[in-house]
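Chemist: Model the following, please.
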Amino acid sequence: MGGSAARCISAGLSLQSRHRSKGLIVAAAQAMGMGGSGRVSLGSLPFDNVALRSLPLDPSQESGSRQVPAACFSRVRPAPLHQPRLVAYSLPALELLGLQQDELQSSELELAEYFSGNRELPGSEPAAHCYCGHQFGNFAGQLGDGAAMYLGEVVNSQGQRWELQIKGAGPTPYSRQSDGRKVLRSSIREFLCSEAMFHLGIPTTRGGTCVTSDSKVIRDVFYDGHPTYEKCTVILRIAPTFLRFGSFEIFKPMDEYTGRKGPSCGRNDIRIQMLDYVIGTFYPDIQKAHFQNSVLRNAAFFRELTKRTARLVAEWQCVGFCHGVLNTDNMSIVGLTIDYGPFGFMDRFDPDYICNGSDNRGRYAYNRQPEICKWNLSKLAEALVPELPLEDSQSIIEEEYNKEFEQHYLQKMRKKLGLLRCEKAEDKELVSELLHVFQITGADFTNTFRLLSEFPVPGISTHFTLEEFLEKQIAQCASLEELKLASKPRMDPRQLSMLLALSQTNSQLFDLLGNKDEITRELNRIELFSELEEMTNEELLSKQRKAWTDWLQKYRSRLENEAKDVDDTADLNTERVKVMNSNNPKFILRNYIAQNAITAAENGDFSEVRQVLKLLEHPYNEEPCVDDIVQEAPVEAATTSGDSLSNDRMPYHSKPPDWARKLLVT
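Modeler: Predicted structure coming up:
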């Protein structure tokens, strides 16, 4: 029997054993009182920690940061916090574990104790995961869970397996020079966005709880030499697995550019173990279909992951979501959005939108996300050699990625535009022209898409004129001052002149100091800024009206085609509006909404975090499930925004206030 077949059959037998074990766990869970309702208590979560049984554990008990060879996990212990208290919990996320609302409402103190790491859950086995990664295009060597800790895997009464992880619970062998802590502002952002993305229908890890404390650490928020003390905070994250592309990069040989290598370089036996575990656990149909041939099995897994990744980034693009740090260690091995750091939802549409204040060259800009995710897949492909030949994986990427992305993106855009009955070749151009109008008018991405559902199928009577609809559209466009601020040149003119000269005389030095895309963007900004400086408000409004009028005429023509041979256009329009409003959210986690919640929480008031969480659970509702008024952050938030903030109140779906344009997330 060939080695490939033998390994796969062995993996198949291991999988069968795991399924038998899973059945026993489910039966045990039911015997402990979960039954058909799936009810459990915090103290009786049915853990079954397969990852630690399937993958090699670090035998060392040495404390402190260190290289960890030949292991996927290291056992750790959370560091206690002083006076942990619950900021908020997500009921829909915790219900995945079998926990119910009545149990949770009476267990806030227990939630804070268990999910801060102060108290160990029975059956949990805290551990930190070892992984590597390409960060901003360069191999960084060993990274790992520097602040996150695997608690274990809970199997609910339906047999679903959920990994629990707490983030911010203290140092691990992978913390390097950090303290393993997270603070309130970043934790609230990740907790809220995890749940926001789920309710938008986008594959994501989940946010279970957010727990803060009286323990403090010092942080330099803007890296500008002005550090402050901030409260240590821990979030509970839930997912099928937190393994990522970088999990397989621990085997990487010496990198020719950085001189770094993975801590388990040369250990192909562990790579085989990881593939057996990942495919057998999270892609069981692929394991079953190809149990006799590991290369075919691995290729089928990589093909499926390529498609999932392409669909995921298409979903991001369609809601204006920018991840901010798409390193290979922030890419999920099961196709989820993972690791929410300096993310951002676009307000004014800008294809070059950069949400991460540290991304000086715009590597992870909104319009670059599809190509970056494709590049990350190529790095994973390299990490799977020799178990999947590189020529095979590269062919899969070229065959599947662009096709899957474009198909899913256009399907989603058709739904956002209410094009339901027929697919036309010109739809791609219609979408492209729409985004161009968004860009030149500075339209609010979320609100403008939502507003389009009010533009009716021809033949439907309305209570407003085209001119009145145009006025609504223009209200969502940027003012002249907003566009000037957004287009203001960012480079010192002397630096730009030097780079332009170098591009002509010394291309190697130019490549070290700048890049062509960056220079092109700056030249475009200079040209646009000069135009805007000469423009009046009236001229801008005229330009915006013309752009929207021209596109709406094309849209109207496309809707006429959609309604051709339809007996009841009223029914068609009703269905169209329903589909559009279930694909164009009214409420997203805008930066200013998150900042208001953070500022309130930093002042001891968690009610805004809880209200925003509830709002984000129903992003497509026309009427909010909470009071649709956001309290502006008080003056104390001026340290973050750079301005004194008013105490005015505004709806959660509003375009951001002026102060929000100055928010910087790093």
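Chemist: I'd like the distance between Arg77 and Gly117.
Modeler: 8 Å (C-beta to C-beta, to the nearest Å). C-betas here are computed from N, CA, C, even on glycine.
Chemist: And these two? Which one has more around it.
Modeler: Gly117 (25 against 14; other C-beta atoms under 10 Å).
Chemist: Now for that one: which residues touch it?
Modeler: 78-81, 126, 149, 166, 169-170, 234 (C-beta atoms under 8 Å, 6 or more residues apart in numbering).
Chemist: Show me what the longest strand along the chain is packed against.
Modeler: Counting residues, the longest strand in the chain under DSSP state E turns out to be strand 206-219. Contacts defined by 3 or more C-beta pairs under 8 Å, 6 or more residues apart in numbering; DSSP states H and E place strand 206-219 against strand 85-89, helix 91-94, helix 108-116, helix 184-200, strand 228-239.
Chemist: Quick one: low-confidence residue ranges for the stretch 551-666 of the chain.
Modeler: Applying pLDDT under 70 to the stretch 551-666 of the chain flags the ranges 627-649.
Chemist: Okay, helices next: where are they in it?
Modeler: 569-581, 591-602, 607-616, 638-641 (DSSP state H, counting those that start in this stretch).
Chemist: Just the buried residues out of the contacts of Gly117, in ChimeraX syntax.
Modeler: Command for ChimeraX that selects the buried part of the contacts of Gly117, burial taken from 16 or more other C-beta atoms under 10 Å:
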select :78,79,81,126,149,166,169,170,234
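Chemist: Give me the pLDDT for Leu513.
Modeler: Note on Leu513: pLDDT of 67.
Chemist: that older thread, out of the contacts of Gly117, what pair is the most spread apart?
Modeler: The two members of the contacts of Gly117 with the most space between them (C-beta to C-beta) are Leu81 and Pro126, at 14.7 Å.
Chemist: So what does Ala128 have for phi and psi?
Modeler: Main-chain torsions, Ala128, degrees, to the nearest 10: phi -120, psi 140.
Chemist: Would you mind confirming that it is in contact with Ala71?
Modeler: No. Counting by C-beta atoms under 8 Å, Ala128 does not reach Ala71; the two are 10.3 Å apart.
Chemist: Have a look at the two and say which one is more surrounded.
Modeler: The neighbour count for Ala128 versus Ala71, taken as other C-beta under 10 Å, is higher for Ala128 (26 against 20).
Chemist: Who is the more buried one paired with across the strands?
Modeler: Bridge pairing for Ala128 (DSSP bridges) gives the partners Ser74.
Chemist: Report the separation between it and Glu95.
Modeler: From Ala128 to Glu95 the distance is 27 Å (C-beta to C-beta).
Chemist: Same check on Ser378?
Modeler: 38 Å.
Chemist: what sits against the residue nearest the centre of the chain?
Modeler: Residue closest to the average C-alpha location in the chain (C-alpha atoms, centre = their mean): Thr337, at 4.1 Å. Counting by C-beta under 8 Å, 6+ apart, Thr337 touches 197, 202-205, 312, 316, 323.
Chemist: Ramachandran coordinates for it?
Modeler: Torsion angles, degrees, to the nearest 10, at Thr337: phi -70, psi 130.
Chemist: Bridged to it, which residues?
Modeler: Here Thr337, judged by DSSP bridges, has bridge partners Thr204.
Chemist: now swap in Thr212 and tell me
Modeler: Arg85, Thr233.
Chemist: That one against Gly604, yeah?
Modeler: No. Checked against C-beta under 8 Å, the pair Thr212 and Gly604 is beyond contact range at 9.7 Å.
Chemist: Can you pick out the residue with more neighbours from the two?
Modeler: Thr212 (28 against 8).
Chemist: and the gap between the more buried one and Ala601?
Modeler: Distance from Thr212 to Ala601, by C-beta to C-beta: 7 Å.
Chemist: Quick check: neighbours shared by these two?
Modeler: Joint contacts of Thr212 and Ala601 (C-beta under 8 Å, 6+ apart) are 87, 184.
Chemist: Out of the helices of the stretch 551-666 of the chain, which is closest to Pro493?
Modeler: helix 638-641 (28.4 Å).
Chemist: quick one: which two of the contacts of Thr337 are the most distant?
Modeler: Longest span within those, C-beta to C-beta: Thr205 and Trp316, 14.4 Å.
Chemist: hang on, the earlier thing: residues of the longest strand of the chain that come out buried?
Modeler: 206-213, 215, 217, 219.
Chemist: now Gly141, what's its secondary structure?
Modeler: strand (DSSP: H, G, I helix; E, B strand; the rest coil).
Chemist: Find the least confident helix or strand in this structure, judged by mean pLDDT.
Modeler: helix 638-641 (a mean of 38; mean pLDDT, DSSP states H and E).
Chemist: How far does stretch 254-268 sit from its chain's centre?
Modeler: For stretch 254-268, the separation from the chain centroid amounts to 28 Å (computed by C-alpha atoms, centre = their mean, to the nearest Å).
Chemist: Which residue, neighbours along the chain excluded, lies closest to Leu541?
Modeler: Ile474 (6.7 Å; C-beta to C-beta, 6 or more residues apart in numbering).
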